[in-house]
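S.K.: Here is my input, please return the structure:
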Amino acid sequence: MVGGGPDAFIGGVHRMAAALDGRYDLVAGAFSSDARKSHDMGGELGLDPSRAYASYQEMAEAEAALPAGERIEVVSVVTPNHLHHAVAKVFLERDIHVVCDKPMTTTVEDAEELCRLAAERDLVFGVTHNYTGYPMVKEARARVRGGALGPLRKVIVEYSQGWLRTLLEEGGHKQAEWRGDPERAGVSSALGDIGSHAHNLVRYITGREATRLFADLGTVVAGRRLEDDATVLLELEGGVRAVLIASQIATGERNRLVIRAYGADAGLEWSQEDPNRLRIVDPHGDETILYRGSPALCDAARAATRLPGGHPEGFIEAFANVYRGIADAVEARSAHTSATSRPEPSHTALDFPTVQDGAIGVHFIHQAVRSSRDGAWVDMNWQPPPSTNEP
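M.R.: Take a look at the predicted model:
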């Protein structure tokens with residue numbers, strides 16, 4: 001792991017998710033830019049002191065020099081945004097698979113480079129858009145793409161938080177500080193941090209790319225350097241209309257991620273704060289509630305379900321489903337190096353966001369910033385370089 005040191009919330013989440021299925025062992029890390037903090041964190045996590053590194057560069061070089069059976073196979077990148085590209089690149093260049101937090105990079109050019117490197121090196125590169133790991137999100141995808149709603153007409157997605165309703169960064173709040181700093185967060189705060197999840201969820205469930213967008217990005221709290229509130233109008237393939245809302249100043253909201261999709265025949269709704277249910281509504285307004293754990297759900301939803309119905313599953317389990325899919329892909333790669341034919345994991349095992357998904361998310365952020373700046377609709381006619389990310 002690179003990043004995830006003291007007081008880093010998401011690093012601990014990644015470690016829990018990776019450990020849940022027993023598929024990963026954490027054996028090395030550069031947990032902080034402060035060498036002492038990195039060493040101490042390694043000790044807390046039970047690592048060999050020689051593998052708690054002072055920098056990610058030192059870690060990449062030392063691990064790559066170890067025999068194949070001893071060096072790390074995968075690196076998890078959980079640093080602030082501005083380091084994602086540099087860290088991922090140095091490990092890809094040493095033939096080490098990558099798991100990277102979102103947004104994958106701060107520039108489109110850097111995203112393109114990671115796509116090309118992953119393809120050239122034939123390496124697995126997963127991006128932790130972890131909300132795709134929820135069983136009922138997979139069920140929503142199956143129903144929308146399978147035509148259960150009829151021809152798709154409208155999608156509304158909202159990710160609202162209230163934690164930045166005041167200027168927290170002025171008081172030294174670590175997480176607020178880097179998210180509000182263009183040098184570390186990139187060109188966007190609210191859209192890059194949570195709007196990227198919302199955009200990815202629309203793509204994942206509908207299977208449709210945005211063809212153009214119109215964005216209004218605003219800074220509500222005086223003194224903040226990046227936007228803390230965003231509204232984006234999207235036109236999806238096939239002329240489907242969509243609205244995306246991302247806000248960090250919605251007072252009282254915690255992690256209100258909600259998506260609604262409406263077709264000619266039915267609609268559906270999923271909420272991340274009530275993740276084990278999927279609401280279906282017919283043209284008369286009559287509701288059907290589907291529950292996680294039901295045998296009537298699609299294969300992908302059932303494969304992502306860990307506990308019997310009535311035992312709630314949530315954020316960590318969804319995150320772990322992404323890590324499990326990446327582990328399947330990495331093991332398939334490893335088996336291929338010593339076998340004449342590559343084993344074929346199931347289609348549900350390969351259900352995780354790839355380096356291309358990460359690149360499309362970066363392009364979305366930059367086009368939204370451009371649209372807001374120019375006060376105009378902008379086209380989304382761009383595709384990332386191809387990759388051999390599937391085993």
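
S.K.: tell me the secondary structure for residue 279?
M.R.: Counting by DSSP: H, G, I helix; E, B strand; the rest coil, the backbone at residue 279 sits in strand.

S.K.: Backbone torsions only: list them for residue 98.
M.R.: Dihedral pair for residue 98: phi -130, psi 140, per degrees, to the nearest 10.

S.K.: Tell me the bridge partners for it.
M.R.: When bridges are called by DSSP bridges, residue 98 pairs up with residue 75, residue 125.

S.K.: tell me the contacts of it?
M.R.: 74-75, 77, 88, 91-92, 118, 123-126 (CB atoms under 8 Å, 6 or more residues apart in numbering). Every residue, glycine included, has its C-beta placed from N, CA and C.

S.K.: Compute the distance between it and residue 378, please.
M.R.: 30 Å (CB to CB, to the nearest Å).

S.K.: What segments of the chain are strands?
M.R.: Residue ranges of the strands in the chain, as given by DSSP state E, are 2-3, 74-78, 97-100, 125-127, 152-160, 210-218, 229-236, 240-247, 256-263, 267-271, 277-281, 287-291, 378-379.

S.K.: With residue 28 as the reference, name the closest of those strands.
M.R.: Evaluated over the strands of the chain, closeness to residue 28 peaks at strand 74-78, with 8.5 Å, by CB to CB.

S.K.: circling back to that earlier point, any chance of the strands of the chain in JSON lines, plus distance to residue 312 and mean pLDDT?
M.R.: Compiled in JSON lines, the strands of the chain are given as follows (distance: least, CB to CB, whole Å; pLDDT from 0 to 100):
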{"stretch": "strand 2-3", "distance to residue 312": "29", "mean pLDDT": "98"}
{"stretch": "strand 74-78", "distance to residue 312": "26", "mean pLDDT": "98"}
{"stretch": "strand 97-100", "distance to residue 312": "26", "mean pLDDT": "98"}
{"stretch": "strand 125-127", "distance to residue 312": "25", "mean pLDDT": "98"}
{"stretch": "strand 152-160", "distance to residue 312": "21", "mean pLDDT": "98"}
{"stretch": "strand 210-218", "distance to residue 312": "33", "mean pLDDT": "98"}
{"stretch": "strand 229-236", "distance to residue 312": "31", "mean pLDDT": "98"}
{"stretch": "strand 240-247", "distance to residue 312": "26", "mean pLDDT": "98"}
{"stretch": "strand 256-263", "distance to residue 312": "17", "mean pLDDT": "98"}
{"stretch": "strand 267-271", "distance to residue 312": "13", "mean pLDDT": "98"}
{"stretch": "strand 277-281", "distance to residue 312": "10", "mean pLDDT": "98"}
{"stretch": "strand 287-291", "distance to residue 312": "11", "mean pLDDT": "98"}
{"stretch": "strand 378-379", "distance to residue 312": "41", "mean pLDDT": "98"}
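
S.K.: any chance of these in TSV, with distance to residue 354 too?
M.R.: What follows is the strands of the chain, written out as TSV (distance: least, CB to CB, whole Å):
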stretch	distance to residue 354
strand 2-3	20
strand 74-78	14
strand 97-100	11
strand 125-127	6
strand 152-160	21
strand 210-218	18
strand 229-236	20
strand 240-247	21
strand 256-263	21
strand 267-271	22
strand 277-281	25
strand 287-291	28
strand 378-379	23
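
S.K.: among these, which is nearest residue 167?
M.R.: Across the strands of the chain, closest to residue 167 is strand 229-236 (CB to CB), at 14.2 Å.

S.K.: Show me the contact partners of the closest one.
M.R.: With contact meaning CB under 8 Å, 6+ apart, strand 229-236 is reached by 152, 155, 188, 190-191, 195, 202, 206, 208-220, 241-249, 368, 371-372.

S.K.: Stretch 358-370 now?
M.R.: 100, 102-108, 110-112, 114-115, 125, 127, 129, 186-188, 191-192, 195-196, 199-200, 203, 209-210, 213, 215, 217, 230, 232, 378-380, 382-385.

S.K.: what about that stretch, average pLDDT?
M.R.: Per-residue pLDDT over stretch 358-370 has a mean of 98.

S.K.: Likewise for stretch 304-322?
M.R.: The average pLDDT for stretch 304-322 rounds to 96.

S.K.: Low-confidence stretches in the protein?
M.R.: Counting by pLDDT under 70, the chain contains low-confidence residues at 336-349, 387-391.

S.K.: Next, name the residue at the spatial heart of it.
M.R.: Closest residue to the average C-alpha location of the chain: residue 129 at 1.8 Å, with CA atoms, centre = their mean.

S.K.: quick one, helices of this protein?
M.R.: For the chain, the helices defined by DSSP state H cover 9-19, 35-44, 56-65, 84-92, 108-121, 135-145, 174-179, 182-185, 190, 196-206, 299-303, 315-337, 355-374.
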